[in-house]
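J.: Next comes the sequence, and after it the predicted model I'd like to discuss.
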Amino acid sequence: MVCYSCMNSIRKRNIYSFKLDYFSHPLSSTHLMKSIITAFIIVVVTSNVFAQMPTLQVTTVNGILEGTTTDGIRSFKGIPFGAPPVGALRWKEPQPVNNWNNVRKADKFGPRAMQRPLFSDMNFRSDGMSEDCLYLNVWTPARSARERLPVMVYFYGGGFVAGDGSEYRYDGEALAKKGIVTLTVNYRLTVFGFLAHPELTEESSHHASGNYGLLDQYAALAWVQKNIAAFGGDPKRVTIAGESAGSFSVSAQMASPLSRNMISGAIGESGSLLGPRSPVPLSSAEETGKKFMTATGAASLADLRKMPADAVLEAVAKNNSSFPVCIDGYFLNDSPNAIFADSKQAKVPLLVGWNSEESGAGAVMGREALTKENFEKAVRRIYGDKSPAVLEAYQVSNDSEVEQTATDLASDRFIGLSTWKWCDIHATSSGKSVYRYLYQHPRPAPVAAAANAIQSLPKGAVHSAEIEYALGNLSTNTVFAWTEKDRELSEILQGYFSHFIKTGDPNGQGLVHWPAVKPGVPAMVMHLDVTPVAKKELHRDRYLKMQ
């Protein structure tokens, strides 16, 4: 037994100055020695435990950060990776961060980029909204900087006009628990992220303008290369991923000569810059910028920079302005279509696909009845001289086929065609494995839905429906009544994604085999649902005709 009087004495004193008193102690010297040895073992074990605990402080190239920990995952939020793009830095490529001397708290998200409240499914945890928005967030399971774990950098969606890295659905904790250092990245949006103008082009040392949001993402990837090892990540194993505009961004970063050598893998969920939505020439983007400046009443770029950010954003809404990605000669030196065709993109494995109901039949049919005749009229109205080829690719035999075929056409017009082209051309030109999916699991009914509302739910998987499943964040979305089947599917998707991030191949123990795409032939497509199944694509002819 342990002598408790000895233990109390040891606890109250410094162990190294403890004095043995054989004669005054009521127990034998042998018993006392056993107590001392026991106490020494406790101290050593306790010291080892604390030595193995990861520190909440991490040293970056700019200074020391202090994060927080939850369930064994350390998180560092609101890390600046670019100087605030305000004042004279508005509409400039991101500039270096100033170093800090004291420990910087990294326990809350930074501000989100300037944007209007356009999408009801965006729920932010950001520290307000500001032009000062260039912050990223890290979740790491690593216990030390020596671990060199795989890394995923996720770009949010929102049409390049909305979104933020603080959204609940992008939270990185679940994938971090799978052994992945996970990041979300803020980038400038709408006019602040994509305005091109001759004055901006002239003042640029690269003779380029526009694409500032994409340059922000590139700056974040450069930050990862310099700093991620301190968080236990491997800068040589960085997978970039994103949904919608985030997926467009992944294709852009793969195409850019600036960033394409910084990544080891790519995940694209719904959309790319290949196909109908290719970037416009710089001259075209500059004309858009000139029209916007005229609409604001600003006489010069200096005047436009003096306008309050809210006023600039209001002018965008008032004039219904939009600002396209452009071939600026710096971030993009050619169209992504040409870059991928010429095999000049990042040569990395790609996991890519889209959802079964990216857009509904109404996007084609309007309010017209779902009849074969009305479908053909709608196609002729939309496509004009090209309608015969479209009607041949999207044939309907009778009225019962119209709803699904119109849904397919609407989804392909919106997202599917550009995603298909990205997949097809990368499989042909990269020499790397490509894995294609069709996500088709409908969300469950809303928690408080009435019977008639349940009947009106989409039949397929709508745009962005897969995000919470793939990133393990169902519990953060309280709108839907998630079931055990939903949670099972989430584990499946997390399994595929995490295996791909770690190895460049989504396949792993306990998962249905996912075949890679073979170039130039109908692809094997993994239909992602509660019971995944790989099937040969049925409509390759559609995309070949629609290019």
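T.: Received it, and whenever you're ready, just let me know what you need. Please read all numbers here as calculations on a predicted model, not as lab measurements. Numbers count the residues shown, from 1 in each chain.

J.: For G213, grab phi and psi.
T.: Per-residue torsions, G213: phi -60, psi -40 (degrees, to the nearest 10).

J.: residues in contact with it?
T.: Taking Cβ atoms under 8 Å, 6 or more residues apart in numbering as the criterion, G213 is in contact with F160, Y187, R188, L189, F192, G193, F194. Bear in mind the C-beta positions are built from the backbone N, C-alpha and C, glycine included.

J.: and it, how far is that from T60?
T.: Relative to T60, G213 is positioned 23 Å away (criterion: Cβ to Cβ, to the nearest Å).

J.: Okay, helices next: where are they in the stretch 351-500 of the chain?
T.: Secondary structure of the stretch 351-500 of the chain, counting by DSSP state H, counting those that start in this stretch: helices at 362-365, 372-383, 387-393, 402-411, 417-429, 451-455, 467-470, 484-503.

J.: for those helices, which one sits closest to G242?
T.: G242 lies closest, by Cβ to Cβ, to one member of the helices of the stretch 351-500 of the chain: helix 467-470, at 9.9 Å.

J.: Against C326, how distant is the residue lying closest to S278 once chain neighbours are set aside?
T.: Closest residue to S278 in three dimensions, ignoring its sequence neighbours and counting by Cβ to Cβ, 6 or more residues apart in numbering: S335, at 5.2 Å. Separation of S335 from C326 (Cβ to Cβ): 10 Å.

J.: Quickly list what's touching both of those two.
T.: P279.

J.: Between these two, which is the more surrounded one?
T.: C326 (25 against 17; other Cβ atoms under 10 Å).

J.: Can you tell me who that one pairs with across the strands?
T.: When bridges are taken as DSSP bridges, the partners of C326 come out as V280.

J.: And for G265?
T.: Partner residues in beta bridges with G265: T239, with DSSP bridges as the criterion.

J.: can you pull out the strands in the stretch 1-150 of the chain?
T.: Counting by DSSP state E, counting those that start in this stretch, one finds strands in the stretch 1-150 of the chain at the ranges 57-59, 64-66, 68-70, 73-80, 104-105, 135-140, 149-155.

J.: Turn these into TSV, columns for mean pLDDT and distance to G472.
T.: Listed next are the strands of the stretch 1-150 of the chain as TSV, based on pLDDT from 0 to 100; distance: least, Cβ to Cβ, whole Å:
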stretch	mean pLDDT	distance to G472
strand 57-59	98	24
strand 64-66	98	25
strand 68-70	97	14
strand 73-80	98	12
strand 104-105	98	26
strand 135-140	98	11
strand 149-155	99	12
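
J.: what's the closest of those to P257?
T.: P257 lies closest, by Cβ to Cβ, to one member of those: strand 149-155, at 18.5 Å.

J.: packing partners for the helix or strand that that closest one is followed by?
T.: Read in the C-terminal direction, the helix or strand following strand 149-155 is helix 173-176, with elements assigned using DSSP states H and E. For helix 173-176, the packing partners by 3 or more Cβ pairs under 8 Å, 6 or more residues apart in numbering; DSSP states H and E come out as strand 73-80, strand 135-140, strand 181-185, helix 484-503.

J.: Can you pull out the residues in contact with the shortest one?
T.: This points to strand 181-185. Strand 181-185 is contacted from outside by 81, 136-142, 149-156, 165-166, 170, 172-173, 175-176, 216-217, 220, 224, 228, 231-233, using Cβ under 8 Å, 6+ apart.

J.: what mean pLDDT does it have?
T.: Taken as a whole, strand 181-185 has an average pLDDT of 98.

J.: and the residue nearest to R143 when sequence neighbours are not counted, what is it in contact with?
T.: Across the structure, with Cβ to Cβ, 6+ apart as the measure, the residue nearest R143 apart from its sequence neighbours is P54 (4.4 Å). With contacts defined as Cβ under 8 Å, 6+ apart, P54 is in contact with T69, R74, A142, R143, S144.

J.: Quick check: which ranges of the stretch 301-450 of the chain have low pLDDT?
T.: In the prediction, the stretch 301-450 of the chain carries residues with pLDDT under 70 at positions 449-450.

J.: The residue nearest to G213 when sequence neighbours are not counted in helix, strand or coil?
T.: If the residues on either side of it in the chain are set aside, G213 comes closest to G193, at 3.1 Å by Cβ to Cβ, 6+ apart. At G193 the chain is in helix, as set by DSSP: H, G, I helix; E, B strand; the rest coil.

J.: what's around the closest residue in space to D164 that isn't next to it in sequence, how many residues?
T.: Spatial nearest neighbour of D164, chain neighbours left out: R112 (3.7 Å); criterion: Cβ to Cβ, 6+ apart. When neighbours are defined as other Cβ under 10 Å, R112 has 25 of them.

J.: next one: P308
T.: Residues contacting P308 under the criterion other Cβ under 10 Å number 9.

J.: ditto for R237
T.: Number of residues near R237 (other Cβ under 10 Å) recorded here: 21.

J.: Now for it: which residues touch it?
T.: When the contact criterion is Cβ under 8 Å, 6+ apart, the partners of R237 are R148, L149, P150, V151, S264, G265, K502.

J.: biggest separation within those, which pair?
T.: Pairwise distances among those were taken by Cβ to Cβ; the largest, 15.6 Å, belongs to R148 and G265.

J.: of these two, who's got more company?
T.: Between R148 and G265, counting by other Cβ under 10 Å, G265 is the more crowded of the two (25 against 16).

J.: List the residues that contact R443.
T.: By Cβ under 8 Å, 6+ apart, the contact set of R443 is L457, P458, A461, V462, A465, F480.

J.: Pull out the buried members of these.
T.: Neighbour counting with 16 or more other Cβ atoms under 10 Å marks A461, V462, A465, F480 as buried within the contacts of R443.

J.: pretty sure the last one is touching H441, no?
T.: This points to F480. No: contact criterion Cβ atoms under 8 Å: F480 and H441 do not qualify, at 11.8 Å.

J.: hey, what's in contact with both of those two?
T.: Residues within reach of F480 and of H441 at once, by Cβ under 8 Å, 6+ apart, are D486.

J.: in the stretch 1-150 of the chain, which ranges drop under the pLDDT threshold?
T.: Judged by pLDDT under 70, the stretch 1-150 of the chain has its weakly predicted residues at 1-53.

J.: where exactly do the helices run in it?
T.: Going by DSSP H, counting those that start in this stretch, the stretch 1-150 of the chain shows helices at 4-12, 29-52.

J.: From W354, how far off is S120?
T.: 22 Å.

J.: Name the residue in the two with the higher neighbour count.
T.: Looking at S120 and W354 with other Cβ under 10 Å, you find the greater number of neighbours at W354, namely 31 against 7.

J.: re earlier: show me what contacts the residue nearest to S278?
T.: With contact set as Cβ under 8 Å, 6+ apart, S335 has these partners: S278, P279, I327.

J.: Return the distance of S490 relative to T140.
T.: Applying Cβ to Cβ, one obtains 21 Å for the distance of S490 from T140.

J.: Neighbour count: these two, which is higher?
T.: T140 (28 against 22).

J.: what sits opposite that one in the beta ladder?
T.: Partner residues in beta bridges with T140: R74, with DSSP bridges as the criterion.

J.: that older thread, could you tell me how far the residue nearest to D164 is located from Y154?
T.: Plainly put, R112 is 15 Å away from Y154 if you go by Cβ to Cβ.

J.: And the contacts of S335, which is closest to H513?
T.: Nearest to H513 among the contacts of S335 is S278, at 34.3 Å by Cβ to Cβ.

J.: What's the local residue count around that closest one?
T.: When counting by other Cβ under 10 Å, one arrives at 18 neighbours for S278.

J.: measure V364 to G472 for me?
T.: Relative to G472, V364 is positioned 34 Å away (Cβ to Cβ).

J.: now W91
T.: Here the distance between W91 and G472 works out to 37 Å (Cβ to Cβ).
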